[in-house]
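[1] return a 3D structure for these sequence lines:
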Amino acid sequence: MPYFDVASTAPLHPVARQALTAALDEGWADPARLYRSGRQARMLLDAARETVAEVLGCRADEVSFTTSGTQAVQLGVLGALTGRRRTGRHLLHSAVEHSAVLHSAERFTADGGEVTSAPVDRYGRVSPEAFAALVRPDTALAVLQSANHETGTVQPVEETAELLGGVPLLVDAAQSAGRVGLPGGWSLLAASAHKWGGPAGVGVLAVRKGVRYSSPLPADERERGRVPGYVNVPAIVAAAASLRAVRAEAEAGNARLHALVERIRRQVPRLVPEVEVVGDPVHRLPHLVTFSCLYVDGEVLLTELDRAGFAVSSGSSCTSSTLTPSHVLAAMGVLTEGNVRISLPSGTTEAEVDRFLELLPGLVAGVRAPLGLDLPAPAGAAVADELVLDMLGRRCPLPVIELAKRIGEVPVGGTVVVLADDEAARLDVPAWCEMRGQAYRGTAPAERYGVERGTAYLVERTA
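    Presented below is the predicted three-dimensional model:
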């Protein structure tokens, strides 16, 4: 089965497997002990730390190992805010950060802090000037990912860092570490080994010298007091070895992956109607592409692709289990339904991509077929200037499916009113209008249409 989901986790790199096996024999002891096996484990741990520091472009004593990338982000955010408490209680981050940042921000807010979310453009990029303009005298920390986990969009980290006026910047580099060169200007950096082909259970937190940092957790003597608990030396050794190997292979591999992704970006809109490729077409990771399909439940499409032999993911969390649209896609103002994320491993072949492109149109058409799209208005039916669609209680993507089916029942210049109480409709109705060339006229109180809940979304037919 072609595996197209390395943004979630990459297969274990052969170098990581070899290093892990060797380190299980040589680095099993407690590196804090002074006896021979302990000293040997300590040497392996120190060497791994130096390797990771070299790739990240920092000092070895600035690197600490965590149990995951999520833990690295959360400790980085909360530790920097705790260390700079005297500066102020304000946190600034982009609207498209990983949930690890958002959950840390929620904790900070609950403890009395203030949080500002910086907007992004339709490609998911911040404006350095607009981001920096949100800095306040009491801003203790700014957070900006190096590249987005759902769309692959690369952020202007260095340009933004130059405008922050001394406010430390935490960079979540989980999707880019090892794969592309890391930006400068960061004060704290977080990464995750299983994203680059290392073993799961190893994260990296780097804190530059001079950055005030105080662990938000109880004191512990390990990892310079930043991360409590026993370190997994064999896994760390494997993570460092694979990071060095992946970085060495990246230049040649990225060019090939970039070409394959470009083929997907170019061909999918040609092969499948009503599709939007999201993310920045230029400033992006070489191996990742995301597109959204109108009138498609993303989970259903992913299941069909799995049956066809392709393991892919969805950048959207607009699912039957959460009923919540992706905060990343929502912040970008793009379609949140029918979202598919493709992230290619280094060994992906042209034949696998061609096969994916061959199967995708039929699979999407099969998912859409039962919906009865593009049905003509009944012969002889009266054509009203306004049509009200009661979609209360109906979940994503049903409101826009019904809108697409029935907009032809009003004349050009007429209005379709979509009554919906699903949060995703707030994002999907305007996105549908932009994709289909219809005019979105905003919202009106639902009470105007005789209902006590939900929102009325107004769509004018233009063609």
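
[2] give me the number of residues near H13?
    Residues within reach of H13, counting by other CB atoms under 10 Å, total 24. The C-beta positions use only the backbone N, C-alpha and C, and glycine is treated the same way.

[3] need the pLDDT of the nearest residue to it once chain neighbours are set aside.
    The shortest distance from H13 to any non-neighbouring residue, by CB to CB, 6 or more residues apart in numbering, is to G197 (3.4 Å). At G197, the pLDDT value in this model is 96.

[4] from V312, how far out is G197?
    Counting by CB to CB, to the nearest Å, the gap from G197 to V312 is 19 Å.

[5] do the same with A331
    22 Å.

[6] also G165?
    Counting by CB to CB - G165 and V312 are separated by 42 Å.

[7] so between those two, which is more surrounded?
    Under the neighbour definition other CB under 10 Å, G165 and V312 were set side by side, and V312 has more, 19 against 9.

[8] low pLDDT regions in the stretch 151-300 of the chain?
    Across the stretch 151-300 of the chain, nothing is flagged by pLDDT under 70.

[9] got it, and the stretch 301-450 of the chain?
    Applying pLDDT under 70 to the stretch 301-450 of the chain flags the ranges 315-323, 373-384.

[10] helices of the stretch 301-450 of the chain, start to end?
    Assigned by DSSP state H, counting those that start in this stretch, the stretch 301-450 of the chain shows helices spanning 327-332, 350-368, 398-406, 425-436.

[11] and among these, the most buried is which?
    Mean neighbour count (mean count of other CB atoms under 10 Å) peaks for helix 327-332 among the helices of the stretch 301-450 of the chain, with a mean of 24.

[12] how far does that helix sit from the chain's center?
    Centroid separation between helix 327-332 and its chain, computed with CA atoms, centre = their mean, to the nearest Å, is 10 Å.

[13] ok, now stretch 217-224?
    Using CA atoms, centre = their mean, the mean C-alpha position of stretch 217-224 is found 30 Å from that of the whole chain.

[14] name the residues that touch it?
    Stretch 217-224 is contacted by residues 32, 61, 64-66, 75, 225, 227-231 when judged by CB atoms under 8 Å, 6 or more residues apart in numbering.

[15] could I get those as a markdown table with distance to P411?
    Converted to a markdown table, these look like this (distance: CB to CB, whole Å):
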| residue | distance to P411 |
| --- | --- |
| A32 | 78 |
| D61 | 71 |
| S64 | 65 |
| F65 | 65 |
| T66 | 61 |
| L75 | 59 |
| G225 | 70 |
| V227 | 65 |
| P228 | 67 |
| G229 | 68 |
| Y230 | 71 |
| V231 | 70 |
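
[16] out of these, who's nearest R284?
    T66 (27.3 Å; CB to CB).

[17] what sits against the spatially most central residue of the chain?
    Nearest residue to the geometric centre of the chain (CA atoms, centre = their mean): H149, 2.6 Å. H149 sits next to 7, 98, 174-175, 315, 328 when contact means CB under 8 Å, 6+ apart.

[18] is there a quick PyMOL command that grabs whichever of those residues are buried?
    This is the PyMOL syntax for the buried subset of the contacts of H149, where burial follows 16 or more other CB atoms under 10 Å:
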select buried, resi 7+98+174+175+315+328
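
[19] for the contacts of H149, which one is nearest A239?
    Using CB to CB, A174 is the member of the contacts of H149 that lies nearest A239, at 12.9 Å.

[20] and the residue nearest to H13, what does it touch?
    Residues near G197 by CB under 8 Å, 6+ apart: 10-13, 16, 178, 242, 245-246.
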